[in-house]
Each structure stands twice: as C-alpha cells, then as structure tokens.
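Give me the fold of what follows.
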Amino acid sequence: MTRIIEFLIALGIVAGLFVIIGVCLPGERHISESIETNRKMTIVYDTVNSLRRFKDWNPLVLRDKAVELKYSGPDAGVGARMEYSSKNDALGQGSWEIKESEKNKRVVIAIDDVTRGTDKVTTFTLEPTGKNDRNVKITQDYSVKYGFDLFGRYAGLYVSRHVGDDLKLGLSRMANMLASVPNVDYAAAEAPLTDLKVVELPAENLLVVNAGNIDRNNDSIKQSINDNMEWIKRAMDANGLVAAGPVRIVTTDFGAEKYAFDVVLPVRKGSAAPAAAGDKDKKDGEAAAPVAASGDALTVKIPSGNPVTYVHTTPHRAATAAYTGHMAGLDVARNALRAWATTMGNEVVDRPYESWKGGVDKAFTTDGTYDIYWAVK
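The predicted structure follows:
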C-alpha cells in the first residue's frame, strides 16, 4: 500500500511539473527564414501570390509524391485556395488559403493542417535589395498559437527544427525554381505585353517552310520570309487553298548572329478550289463539293521541288499575349510570355510563334502588331 501511495505521489509530482512547465512555455511560436533571388519583383510576387506552383517548391510534396492537390477560388490573390489530401498520416488533410495580398510587398496565407495549434499563418515579405535594388529578399514567417493546450506548448519546442527546416528547404527550392524562369518583367515597359492569358486552340491546317539559319539582320530576314511566302503561295495555288490567317514565324533559335525559323501560313480550302477528279464533268450551276472546315484535315499535294510541307495540328492549350513594336523586340516579348506562363504554373512546350497581324512590311517598323503563342501542357 505504501508503494502505491509513493507511486501516486511521484506521479502527481510529475504531472504537476508537467503543468507548471507547460504553463510557463510560450503560448505561441514565431519563426522566420530569408533568401535572396535575382529574379524580377513581378515574377517573385506573382509566384508567392498564387498557389499554382506550390508543388514545385513546398517540401510537403516531397513527403508524399502521391499527395492530391485541389485548387479553388481565383488563380491568384485573396481567396486563392489549395487543399491537399494524403494517405500519409503525418500529412493527412489540410489547406493553404491566401488571406491578404499587397502587391510587390507581402502575401499572408492561412494554414490548416494536422499539427497542433491554431491560427497558423505564413507570411511572405518581399524587399528589394542588392546593388540598385536588382535582387529581391524573400522572408517567410510562420506563426502558430497553442493557447492552453499544454501538449501543443510542448510541441512548440520543436517548431524551430521541424517547421524551420521546412522553411529553409522550401525557400531554397523556390529560389532554384525562380532561377529557371526567364528574368523578364512582363508587367514592365521592357516587354509591353497585353491580354496575357491561356487559350484553347483548335486544330489547324498549316503550310510550313523551314527558312534555315539566316543572318540576323532585317534585310536578310525580310527577304527570306518573302521568298518562302512565294513557295507557300505556289503550294496554295496548286491545291486550291486560301489563307486562313496572317503569316506566322516559328522560332527555332534566336542567336547572336543567326536566326533559325520557319515560315508558316494557316490555310483552308477556297471557294474557287479546283474541282476534284470526280467533279470534272459537273455542269454550270451544279453545287460544288462542300468546303472543308478550317480545322478538318486536308488532302494536300506539294509540287515537286517545292520545299513546303503540310501539317495538320491537333487542338491544344497555349499561353498568348498581344505585342506592338518592331520585330526585333519579339525575342524579349517571347521570353516575357514564357516567364508569365511559367510563373502562373504552366509548363511551356514546343516552339513559340507569332502571328504577324500587320503583315511583313509593317513588322519591320515600330507599328508592327503580333499575337504571340507558346504551347503549354
């Protein structure tokens, strides 16, 4: 009996110490980590102001590659929400939701997860730094409250190690991710893009000529485009085709001295198309064969010696933007579109192209007008 009483007294002392120490421990925790990047402020802000690239930098996805992510609300800004679900009990279910957003300054995100504590918030603060403010300092804070949850207060002893390590790893991965984005400010005058968006493009019929590697000067490029357009016109005439849109230039490589590209024209069957073999004996006034829709595959025969090839595309998604200016500025504009698309969580594929809406001659003036496209997954 004495031993039982001694055991209960010892247990009471331990419990008392647990409570006393727990009460003395902080009822909330706050940690902070920072890193620098040389990417433009626009790119950095748009990255943290959206959850679309969460999977590319946050350590959470490293613990369970099969974790399911579900997005809701706007693509960016207040209300953007990401919910995750994992069969890993250590992760379970949770969410991140943007609660506050101040352009190019800070983004506040509420976190709900299985760990102890309430009012969990992570805040990204952005600050220009470095020579001439060329870099951006990214500071990520994390705070959590435990109130009178004594077990939570004890768990708080390990926040600096567990959550702190995640903050360091996450910021490091974010910096590496940002380094892969073209460092072009798509919101600034250096790349005056408008109407940035992702669109669904239908199937098309294209006539294509590989222009090869051309000297990078205006006269050579313009002459090559015009010469190759003549080949395309001959192929069109031979097949009863008409243009279905402006000429396009598809960039393969824009080098310091050479420019490799394709000249492309979308086409469709014209109303004056030559009669098919079985229609030769049709009398005047008889209805012509139905004209194919612009997206339907065509039967195209390229004359011998003509370098043109026929391509029928499949429907796909693409990032697009409008641009006005000299064609010499298109390389920066292309990279700006890629930077925007990547920052918005899209992976660009294939080669970019521009639809020269104002024609070839106008493109070599500051009044050139274009729609730029880059396919995305």
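
Kindly provide the whole-number mean pLDDT of stretch 70-77.
Average pLDDT, stretch 70-77: 94.

ditto for stretch 201-213
What stretch 201-213 shows for mean pLDDT is 95.

Identify each buried residue in it, please.
204-209, 211 (16 or more other Cβ atoms under 10 Å). Where you see a C-beta, it was placed from the backbone N, CA and C, and this is true even at glycine.

Pull that stretch out as PDB, backbone CA atoms only.
C-alpha atoms of stretch 201-213 as PDB (Å, rounded to 0.1, in the frame of the first residue of the first chain):
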ATOM      1  CA  LEU A 201      -6.500  26.500 -79.800                       C
ATOM      2  CA  PRO A 202      -8.400  24.400 -82.400                       C
ATOM      3  CA  ALA A 203      -6.900  22.000 -85.000                       C
ATOM      4  CA  GLU A 204      -5.500  23.800 -88.000                       C
ATOM      5  CA  ASN A 205      -4.000  23.200 -91.400                       C
ATOM      6  CA  LEU A 206      -0.600  24.700 -92.000                       C
ATOM      7  CA  LEU A 207       1.800  25.100 -94.800                       C
ATOM      8  CA  VAL A 208       5.300  25.300 -93.500                       C
ATOM      9  CA  VAL A 209       8.800  26.200 -94.900                       C
ATOM     10  CA  ASN A 210      12.000  25.900 -92.900                       C
ATOM     11  CA  ALA A 211      13.900  29.100 -93.600                       C
ATOM     12  CA  GLY A 212      17.100  27.700 -92.200                       C
ATOM     13  CA  ASN A 213      19.800  29.700 -90.400                       C
END
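
and residue 176, what element?
Using DSSP states H and E, residue 176 maps to helix 159-179.

Averaged pLDDT, that helix. What do you get?
The pLDDT scores in helix 159-179 average 86.

Quick one: list the elements packing against it.
With contacts defined as 3 or more Cβ pairs under 8 Å, 6 or more residues apart in numbering; DSSP states H and E, helix 159-179 has these neighbours: strand 28-37, helix 41-48, helix 54-57, strand 135-145.

what would these look like in TSV with mean neighbour count and mean pLDDT?
Below are the helices and strands packed on helix 159-179 laid out as TSV (neighbours: other Cβ atoms under 10 Å; pLDDT from 0 to 100):
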stretch	mean neighbour count	mean pLDDT
strand 28-37	17	89
helix 41-48	23	96
helix 54-57	18	94
strand 135-145	19	92
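
follow-up on the earlier one: partner strands of the very next helix or strand once past the helix holding residue 176, parallel or antiparallel?
The element immediately downstream of helix 159-179 (helix or strand, assigned by DSSP H and E) is strand 194-201. If you go by DSSP bridges, strand 194-201 pairs up with strand 316-324 (antiparallel).
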